[in-house]
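[1] sequence unknown, structure follows:
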């Protein structure tokens, strides 16, 4: 008997009609409730997606960079309270108040990549972590560190540079050694020059479904350059939230809210989200109808033809992972994730998004 019949019926219909392409996994406790893939891995070949397909994680990658920093903290190599200027030399005078904490909580005040002049050129030009660090040094802080929260990729690139300096290893190699290999995550890694067998990203254009073949993830090395699969992401969710990656102290720091006390509410008057280290938390079920109130720890991802959402409900230990290789499926990805979460928790099955 199908464990999530309503989700299975809807996804079968949406996939058959071409309205959803991607892979979905739902687990509760130690049980996998749902695991399916829909659509094509590459529109040019028509090859189908499978449950083992490798997807670009985009900004879901941020939690791995944060976990690497916290793992180094647990090993006594650094502290999130360290001044950034301890690790980045020469260091701009304006960065004197900056702590590693600010980089991984979106509170640094460093202007983000997309907010800088010539972003269009930077977007398509490969870069090393050192070059990205040097780029960030060119700009004044847009606010006093810690005074505001503003979504920021540049901070995570700087954090990845610090991981290299503190570990004495290339960023990707440290992630493999400290995180992925111990957990058996053989299908997860930093996308570099090699062919990693990642599916193609797509976008919906007037001419139809169009492949996006120039991801240039080098410019988001610490913020969005990892790839993974449904199964590896489930391993990660269970290990991270089950206490097998970080010390209790570092994990508590990772999921607590680091946004200022005067952070405004979300659109529609909903309570503001918690800004953790590479993770966020909120009651995402308030964004669908009929809604539900369960607390979820999550992160989204969007880059070069991909839209993703990975959520974790801690009390029931429900993991929902939705990976799509179509950039324009953001509403679908959100709705599917919350339909899956609702049905796994025994709530009424949502029929649409709450647009308030």
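    Yes, it's here. Just so it is clear, the model here is predicted, and its values are computed rather than measured. Numbers count the residues shown, from 1 in each chain.
[2] alpha carbons only for contacts and neighbour counts from here, please
    Fine.
[3] identify the residue nearest the geometric centre of the protein.
    Centroid-nearest residue in the chain, with Cα atoms, centre = their mean: residue 60, separated by 1.1 Å.
[4] and that one, how close does it get to residue 153?
    Between residue 60 and residue 153 the computed distance is 12 Å (Cα to Cα, to the nearest Å).
[5] sorry, back to before: surely the residue nearest to the centre of the chain is in contact with residue 306?
    No: if you go by Cα atoms under 8 Å, residue 60 and residue 306 don't touch, sitting 11.2 Å apart.
[6] hang on, the earlier thing: wait, a strand at the residue nearest to the centre of the chain?
    No: read with DSSP: H, G, I helix; E, B strand; the rest coil, residue 60 is helix and lies in no strand.
[7] which one is it nearest to, not counting chain neighbours?
    Closest residue to residue 60 apart from its sequence neighbours, by Cα to Cα, 6 or more residues apart in numbering: residue 301 at 5.1 Å.
[8] residue 29 now?
    residue 317 (5.1 Å).
[9] show me the helices in this protein, by range?
    All helices of the chain, identified by DSSP state H, fall at 5-16, 62-74, 84-87, 100-103, 119-124, 129-136, 154-167, 171-175, 181-183, 221-224, 230-241, 248-255, 330-345.
[10] which of the ones you listed sits closest to residue 274?
    For the helices of the chain, the distance to residue 274 is smallest for helix 248-255, at 8.0 Å, taking Cα to Cα.
[11] contacts only, for residue 171.
    160, 161, 163, 164 (Cα atoms under 8 Å, 6 or more residues apart in numbering).
[12] and those residues, which is closest to residue 130?
    residue 161 (7.1 Å).
[13] look at the closest one and report its pLDDT.
    We have a pLDDT of 98 for residue 161.
[14] what does residue 121 give?
    As predicted, residue 121 sits at a pLDDT of 87.
[15] and the residue nearest to residue 60, what does it touch?
    By Cα under 8 Å, 6+ apart, the contact list for residue 301 reads 57, 58, 59, 60, 61, 224, 307, 308, 309.
[16] just give me the closest of these to residue 78.
    residue 61 (20.9 Å).
[17] number of nearby residues for the closest one?
    Using other Cα atoms under 10 Å, residue 61 has 27 neighbouring residues.
[18] need the nearest residue in space to it, chain neighbours excluded.
    For residue 61, ignoring the flanking residues on the chain, the nearest one in space by Cα to Cα, 6+ apart is residue 224 at 4.9 Å.
[19] verify the stated contact: the one you found with residue 215.
    No: applying Cα under 8 Å as the test, residue 224 and residue 215 come out as separate, 10.6 Å apart.
[20] tell me which of those two has more neighbours.
    Set residue 224 next to residue 215 and count neighbours by other Cα under 10 Å: residue 224 wins out with 28 against 17.
[21] gap between the more buried one and residue 113?
    Taking Cα to Cα, one finds residue 224 at 12 Å from residue 113.
[22] remind me which residues of this protein are low pLDDT?
    Residue ranges of the chain with pLDDT under 70: 1, 268.
[23] same thing but at 50, please
    Within the chain, no stretch has pLDDT under 50.
[24] residues in contact with residue 22?
    Contacts of residue 22 by Cα under 8 Å, 6+ apart are 37, 38, 39, 49, 322, 323, 324, 325, 326.
[25] find the nearest non-adjacent residue to it, please.
    In space, residue 22 is closest to residue 324, 4.0 Å off (Cα to Cα, 6+ apart).
[26] follow-up on the earlier one: contacts only, for the residue nearest to residue 29.
    Contact analysis of residue 317 by Cα under 8 Å, 6+ apart lists 27, 28, 29.
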